[in-house]
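>>> What follows is a protein structure lacking sequence information:
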């Protein structure tokens with residue numbers, strides 16, 4: 001199977017190289033044909049591997065491909081670990097990527113960077129596959145940085161726009177903060193276990209649990225807690241958790257297919273996947289789990305509120321992504337790793353669907369993204385309307401949809417937990433159900449219902465998007481609607497992740513829920529007795545009342561709660577703080593170091609000062625170089641006399 005796994009990883013890379021270097025020769029059709037074929041091959045093989053593991057008993061694979069470096073006995077290898085967790089991630093990544101590739105043919109049809117775009121998204125797929133298939137921290141870090149690099153290129157794809165360049169630089173810098181913590185965590189793992197291989201590290205996890213890191217002569221930190229928190233800081237950057245979330249909404253400056261591929265289904269879930277993969281380490285530190293839990297709950301609640309006041313259709317979906325990533329992180333924090341990964345999978349389908357549906361609307365609206373200039377688009381775009389409705393229902397957890405199964409199970413898992421912070425997290429995720437329904441259907445009603453608010457020219461040319469756009473919407477709507485029915489039993493309450501995820505008995509909340517699970521249909525019926533369903537219904541009703549039936553109520557609420565609206569519009573001041581405190585402070589410190597350190601000390605005192613000193617000495621010595629022989633003879637006699645006097649003085653001293 002090793003050749004199959006190599007083909008899965010390398011097919012998108014080969015396609016990216018061909019499209020990137022030979023794009024002009026291949027042309028537009030050649031570029032998208034090669035990249036779609038490469039990603040399609042990876043998708044087909046990934047689904048085949050998943051099928052073999054599910055139904056034919058294919059064993060997990062763990063082995064090196066080649067040794068990259070050996071240093072002081074430490075082997076840094078490129079290798080694959082393909083178990084049920086990896087196989088599921090491979091299938092999700094490649095399927096969503098394939099849909100985005102097909103969709104891009106329609107969305108980027110007139111863009112001059114067509115071939116370059118396909119090369120980038122195919123390269124991104126390769127990078128993400130290397131991340132999820134890795135069996136060691138070195139390769140994990142390679143994939144981690146590679147997706148960050150390609151994300152930088154894709155966010156700033158329209159590099160002539162200053163806003164796009166600002167957004168990709170912001171994403172790059174914020175992720176560097178997270179990556180600093182991530183590499184510290186990897187260094188700690190290496191220090192205490194002497195290895196970067198997952199299996200070896202997990203087998204020596206007790207070394208980390210027993211270890212300590214001295215801070216002062218009297219203060220030490222638990223090595224396992226320090227390591228896990230550092231690793232989670234990396235996940236905070238990549239998966240956009242507070243306060244390292246600020247890059248993701250601005251990343252909407254990139255083309256819409258990027259939003260679906262990178263910032264909904266794959267790259268931003270890398271942190272979630274990494275923490276789940278590191279479950280044997282996180283299980284040994286309740287402090288680290290509580291940090292994960294509280295950060296995730298804060299992100300889920302407070303980022304969801306921002307979606308209520310935003311009028312850009314893509315940014316509303318982006319804030320939804322932030323909130324849903326918080327839900328996944330909360331599941332990790334209560335040791336319901338399978339619940340977090342299950343929600344990752346369902347979210348990948350319906351959030352990619354929502355982003356691509358938003359892109360379909362943007363195409364029809366001639367790249368207008370303000371929902372206040374839309375309305376009644378269901379009349380013109382029936383396929384986009386119905387598929388977006390499926391995605392919206394899945395997002396709010398409508399009974400029977402994929403999002404319902406994963407989100408409700410996640411909330412129940414949090415309710416069962418007794419870890420510090422679980423009560424706060426339960427309040428956040430439960431209240432977040434109402435918030436999610438409110439901003440989701442605010443977007444849906446403002447876009448597809450109500451009166452038409454677009455200009456006459458746009459209205460005259462409104463029509464459904466071409467088939468290369470609508471077919472991916474339909475194919476993503478199918479798993480968004482039904483995949484939860486077939487997967488919840490095995491993935492969440494069965495043994496799907498056995499051997500891939502480790503949970504201590506004291507933290508195993510999903511086992512408690514499994515005793516009450518009696519099938520998918522019963523799970524749906526049970527939801528009617530819980531608060532989550534009714535909170536979602538209340539959110540949809542409020543969205544209908546305030547933004548469709550009587551929009552004047554929304555205006556009145558905005559006026560009466562102007563202070564809250566202002567706080568939300570300003571995004572809690574995170575951007576202001578980053579730009580006016582951190583960035584301004586950095587510029588001030590840089591100015592001081594430049595003028596005081598570089599110009600005054602290095603250039604002034606050391607470099608130019610040394611040159612001036614040598615010049616001064618030379619100017620003084622120049623007076624002794626008269627060219628007259630008697631001057632030199634006099635100097636020689638004077639020097640000889642001085643030497644004789646010194647010798648006599650020394651001799652007298654002896």
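Nice, thanks for sending it over. Please read these numbers as outputs of a predicted model, since none were measured by experiment. Numbering: from 1, shown residues only.

>>> CA only for contacts and neighbour counts going forward, please
Fine.

>>> quick one: buried residues of stretch 454-472?
Buried residues in stretch 454-472, counting neighbours by 16 or more other C-alpha atoms under 10 Å, are found at 454, 459, 462-465, 468-472.

>>> just for the protein, where's the confidence low?
263-265, 583, 596-597, 599, 604-605, 623-624, 626, 630, 651-654 (pLDDT under 70).

>>> 80 instead, please
23, 72-73, 216-218, 259, 262-266, 578-632, 634-635, 648-654 (pLDDT under 80).

>>> now the strands: where do they sit in the protein?
Here the chain has its strands, by DSSP state E, at 61-71, 74-82, 212-214, 220-222.

>>> Select, out of those strands, the one closest to residue 436.
Of all the strands of the chain, it is strand 74-82 that lies closest to residue 436, at 34.6 Å by C-alpha to C-alpha.

>>> what angle sits between the closest one and strand 61-71?
Compare the direction of strand 74-82 with that of strand 61-71 by axes from the mean of the first three to the mean of the last three C-alpha atoms, to 10 degrees and you get 160 degrees.

>>> Any idea how far strand 74-82 is from the middle of the chain?
23 Å (C-alpha atoms, centre = their mean, to the nearest Å).

>>> Would you mind listing the outside residues contacting that strand?
If you take C-alpha atoms under 8 Å, 6 or more residues apart in numbering as the criterion, strand 74-82 is touched by 5, 60-70, 133-136, 138-139, 194-196.

>>> Please apply the same query to stretch 106-124.
Residues outside stretch 106-124 that contact it (C-alpha under 8 Å, 6+ apart): 12-13, 15-20, 23-24, 27-28, 31-32, 35, 39, 97, 101, 146-147, 150-151, 153-154, 157, 257-258, 359-360, 363, 466, 468-469.

>>> Restricted to buried residues, select the residues you listed in PyMOL.
Only the buried entries of the contacts of stretch 106-124 go into this PyMOL selection, using 16+ other C-alpha under 10 Å:
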select buried, resi 12+13+15+16+17+18+19+20+23+28+31+32+35+39+97+101+146+147+150+151+153+154+157+257+258+359+360+363+468+469
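
>>> Narrow the contacts of stretch 106-124 to those in helices?
Cross-referencing the contacts of stretch 106-124 against helices under DSSP state H gives 12-13, 15-20, 23-24, 27-28, 31-32, 35, 39, 97, 101, 146-147, 150-151, 153-154, 257-258, 359-360, 363, 468-469.

>>> so residue 477 touches residue 392, yeah?
No: using C-alpha atoms under 8 Å, residue 477 is not in contact with residue 392; the gap is 10.3 Å.

>>> so what sits against both of the two?
Contacts common to residue 477 and residue 392, judged by C-alpha under 8 Å, 6+ apart, are residue 350.

>>> List the residues that contact residue 137.
If you count contacts by C-alpha under 8 Å, 6+ apart, residue 137 has them with 186, 196-198.

>>> Which of those has the largest number of neighbours?
Within the contacts of residue 137, most neighbours by other C-alpha atoms under 10 Å means residue 196, with 24 neighbours.

>>> Relative to residue 190, how far out is it?
According to C-alpha to C-alpha, to the nearest Å, residue 196 and residue 190 sit 6 Å apart.

>>> count of neighbours near residue 376?
By other C-alpha under 10 Å, neighbour count at residue 376 equals 18.

>>> same question but for residue 427, I mixed them up
For residue 427, the count of nearby residues is 15 (other C-alpha under 10 Å).

>>> ok, residue 380 touching residue 462?
Yes: here residue 380 reaches residue 462: they are 6.2 Å apart, a contact under C-alpha under 8 Å.

>>> returning to what we had before: of the strands of the chain, which is nearest residue 161?
strand 74-82 (38.1 Å).

>>> out of the strands of the chain, deepest packed?
strand 74-82 (a mean of 21; mean count of other C-alpha atoms under 10 Å).

>>> Give me the nearest residue to residue 209, chain neighbours excluded.
Spatially, and ignoring its direct neighbours in sequence, residue 209 is nearest to residue 224 (5.0 Å; C-alpha to C-alpha, 6 or more residues apart in numbering).

>>> list the contacts for residue 506?
Contacts of residue 506 by C-alpha under 8 Å, 6+ apart: none found.

>>> I'd like to know how far it sits from residue 282.
Residue 506 sits 13 Å away from residue 282, going by C-alpha to C-alpha.

>>> Same question for residue 550.
For residue 550, the distance to residue 282 (C-alpha to C-alpha) stands at 49 Å.

>>> Tell me which of those two has more neighbours.
residue 282 (28 against 12).

>>> can you pull the contacts of the residue nearest to the more buried one when sequence neighbours are not counted?
Computed as C-alpha to C-alpha, 6+ apart, the closest residue to residue 282 that is not its neighbour in sequence is residue 228, at 6.0 Å. Residues in contact with residue 228 (C-alpha under 8 Å, 6+ apart) are 185, 281-282, 285, 288.

>>> Can you add distance to residue 92 and give the contacts of residue 137 back as a markdown table?
Formatted as a markdown table, those follow (distance: C-alpha to C-alpha, whole Å):
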| residue | distance to residue 92 |
| --- | --- |
| 186 | 27 |
| 196 | 26 |
| 197 | 25 |
| 198 | 22 |
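
>>> okay, now residue 564: neighbour count?
13.

>>> who are the neighbours in contact with residue 227?
Counting by C-alpha under 8 Å, 6+ apart, residue 227 has contacts 184-186, 188-189.

>>> which stretches of the stretch 401-550 of the chain form helices?
402-416, 422-448, 456-460, 467-487, 509-514, 520-527, 531-544 (DSSP state H, counting those that start in this stretch).

>>> So which of the ones you listed is nearest residue 247?
Among these, the nearest to residue 247 by C-alpha to C-alpha is helix 422-448 (20.5 Å).

>>> and that closest one with helix 402-416, angle?
160 degrees.

>>> Specify the angle between helix 422-448 and helix 531-544 in degrees.
On the basis of the same axes, to 10 degrees, helix 422-448 is oriented at 30 degrees to helix 531-544.

>>> And the residue nearest to residue 60 when sequence neighbours are not counted, how close does it get to residue 127?
Of all residues not flanking residue 60 in the chain, residue 83 sits nearest, at 4.5 Å (C-alpha to C-alpha, 6+ apart). Distance from residue 83 to residue 127, counting by C-alpha to C-alpha: 19 Å.

>>> Compare neighbour counts for those two and give me the winner.
residue 127 (26 against 23).

>>> most neighbours, which of the contacts of residue 227?
Result: residue 189 is most packed of the contacts of residue 227 (other C-alpha under 10 Å), 26 neighbours.

>>> For that one, give me its contacts.
Here residue 189 is in contact with 195-196, 201, 208, 227 (C-alpha under 8 Å, 6+ apart).

>>> how does it look with 10 Å?
By C-alpha atoms under 10 Å, 6 or more residues apart in numbering, the contact list for residue 189 reads 137, 183, 195-196, 201-202, 204-205, 207-208, 223-224, 227-228, 231, 281.

>>> Same check on residue 508?
334-337, 413, 416-417, 502.

>>> among those, which two are most distant?
Maximum pairwise distance among the contacts of residue 508 (C-alpha to C-alpha): 18.2 Å, between 416 and 502.
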